[in-house]
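> Sequence and predicted structure, then a few things I'm wondering about:
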Amino acid sequence: MYEEIPMATLAFIGLGNMGYPMAGHLANSGHEVRVYNRSQTKKDQWIKEFRGQGFGDVATTVSNCDAVILCVGRDDDVRDLLIGSHNAMAAMRPGALIIDHTTTSATLAEDMASAAQNFNLRFADVPVSGGQQGAINGQLSLMVGCHTDDYPEIKQLTSPYTRMIERLGDIGCGQKTKMVNQICVAGLIQALAEGLHFAEQAGLDRSKVMEVISQGAAGSWQMSNRHQTMIDGEYQHGFAIDWMRKDLDICLEEANRNGANLAITRLVNQYYGELQTLGAGRQDTSALLLRLQQQKA
Ligand SMILES: NC(=O)c1ccc[n+]([C@@H]2O[C@H](COP(=O)([O-])OP(=O)(O)OC[C@H]3O[C@@H](n4cnc5c(N)ncnc54)[C@H](OP(=O)(O)O)[C@@H]3O)[C@@H](O)[C@H]2O)c1
């Protein structure tokens, strides 16, 4: 199932919805994998399921590794792990590579890359797309910002969970590409929510409507994969609104810097804020339909 690749000693930090299966693919492909997670239970569970070692602190986990891979929450988490209270960079072997799969700002990536240089380490921002299902199936899309020389190694190490990978430019370009992804997704989900809301108001059979139009110009991943759960009012899965708000705030901050006009993204971010106020922060991003239905009621 996995390609023949040279084996490495890898540390994986952050065994959440995404990191848990990604670290699992690395172990299954034959790498020596050392894992760390803030809460112990996920780490214990991972060690039961996969071949690898778990450690109680970050410094021990990362020492003597060829590469350290992270998939945690937000900017502050990466900062704290790499140069803050856990100070992973200080414990890493000189020359080692850091691959950050966390969705963060491009500024964080630039800061981490220059801190890495001070420790004689290498850093790459490699955010992912494809959701938890993509991570479980090893079918993620990876957006890479790195120095040219590091790209072949990144491509090889991440191959067990990658369907598509591309280097978009130097440090920060991976995160900027992920921003484009989130800008496109936000607009798509709101359009899908409005389409379903309109169909309901018009008394149409929404499943049939989606079956037909998903085959034409309106078709999208969101439409194919989310319309039925939206119709069923099921939102306890997928990509949490809290994460999407983090991502859209990052997009809006970057747009303030580069002058892009993100009118719709700004509006959708506000709608997600309303859903958070209603206590739906951990629900899937497709819950934008819920907002329209509640406003009507
Ligand atoms: N879920 C998706 O569909 C998806 C898709 C693409 C990209 N992403 C991005 O990928 C990243 C991870 O997402 P996820 O869904 O896997 O999140 P998640 O399920 O909340 O997992 C995050 C993991 O990171 C750990 N962590 C967070 N902050 C930490 C810190 N300061 N120190 C140590 N460990 C820390 C958490 O530990 P605990 O177990 O202790 O909480 C948890 O295991 C996020 O940046 C997200 O935006 C997610």
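Structure received. Numbers count the residues shown, from 1 in each chain.
> Get me the contact residues on the stretch 1-150 of the chain for the ligand.
14-19, 37-39, 42, 71-73, 77, 80-81, 102-103, 128-129, 131-132 (CB under 6 Å from any ligand atom). For every residue, glycine as well, the C-beta is placed using N, CA and C.
> From those residues, which land in helices?
19, 42, 77, 80-81, 131-132 (DSSP state H).
> For the protein, which residue gets nearest to the ligand?
Residue of the chain nearest the ligand, by CB to the nearest ligand atom: Gly16 (1.7 Å).
> looking at it, that residue is touching Arg38, isn't it?
No. Under the criterion of CB atoms under 8 Å, Gly16 makes no contact with Arg38, lying 9.5 Å away.
> before we move on, back to that, just give the closest residue to the residue of the chain closest to the ligand, not the sequence neighbours.
Of all residues not flanking Gly16 in the chain, Cys71 sits nearest, at 6.8 Å (CB to CB, 6 or more residues apart in numbering).
> what ranges do the strands span in the protein?
Residue ranges of the strands in the chain, as given by DSSP state E, are 9-13, 32-36, 53-54, 67-70, 97-100, 122-125, 128-129, 140-145, 162-169.
> export the second one as PDB, just CAs?
Coordinates of the C-alpha atoms in strand 32-36 are reproduced here as PDB (Å, rounded to 0.1, in the frame of the first residue of the first chain):
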ATOM      1  CA  GLU A  32      10.100   5.000  13.600                       C
ATOM      2  CA  VAL A  33       7.500   7.300  15.100                       C
ATOM      3  CA  ARG A  34       7.600   9.100  18.500                       C
ATOM      4  CA  VAL A  35       4.400  10.800  19.500                       C
ATOM      5  CA  TYR A  36       3.400  13.500  22.000                       C
END
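> and for that strand, what are the contacting residues?
Outside of strand 32-36, the residues within contact range by CB atoms under 8 Å, 6 or more residues apart in numbering are 7-13, 15, 23, 26-27, 43, 46-47, 50-58, 61-62, 65.
> same deal with the fifth one?
Among residues not part of strand 97-100, those counted as contacts by CB under 8 Å, 6+ apart are 66-70, 78, 82, 89, 92, 109, 112, 116, 121-127, 150, 153-154, 157-158.
> pLDDT of it, averaged?
Model confidence over strand 97-100, given as mean pLDDT, is 98.
> would you put the C-alpha positions of that strand in PDB?
The C-alpha trace of strand 97-100 is given here as PDB (Å, rounded to 0.1, in the frame of the first residue of the first chain):
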ATOM      1  CA  LEU A  97      13.500  19.500   9.700                       C
ATOM      2  CA  ILE A  98      10.200  20.900  11.200                       C
ATOM      3  CA  ILE A  99       7.000  20.300   9.100                       C
ATOM      4  CA  ASP A 100       4.100  22.300  10.500                       C
END
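> if we can go back for a sec, what's the closest of the strands of the chain to Glu253?
With CB to CB as the criterion, Glu253 lies closest to strand 122-125 of those, at 15.7 Å.
> Give the residue spans of this protein that score low on pLDDT.
1-5, 297 (pLDDT under 70).
> Tell me how far the residue of the chain positioned farthest from its centre lies from Gln40.
Residue farthest from the centre of the chain, counting by CA atoms, centre = their mean, is Gly203 at 37.1 Å. Applying CB to CB, to the nearest Å, the value for Gly203 to Gln40 is 53 Å.
> Also Phe198?
For Phe198 relative to Gln40 (CB to CB), the value is 48 Å.
> Next up, the contacts around Leu82.
Contact analysis of Leu82 by CB under 8 Å, 6+ apart lists 70, 88-89, 98, 112, 115-116.
> Can you tell me, leaving aside adjacent residues, what's nearest to the residue positioned nearest the centre of the chain?
Nearest to the mean C-alpha position of the chain, by CA atoms, centre = their mean, lies Val128 at 4.8 Å. Excluding the flanking residues, the one nearest Val128 by CB to CB, 6+ apart is Leu140, at 4.6 Å.
> tally of neighbours for that neighbour?
When neighbours are counted by other CB atoms under 10 Å, Leu140 registers 26.
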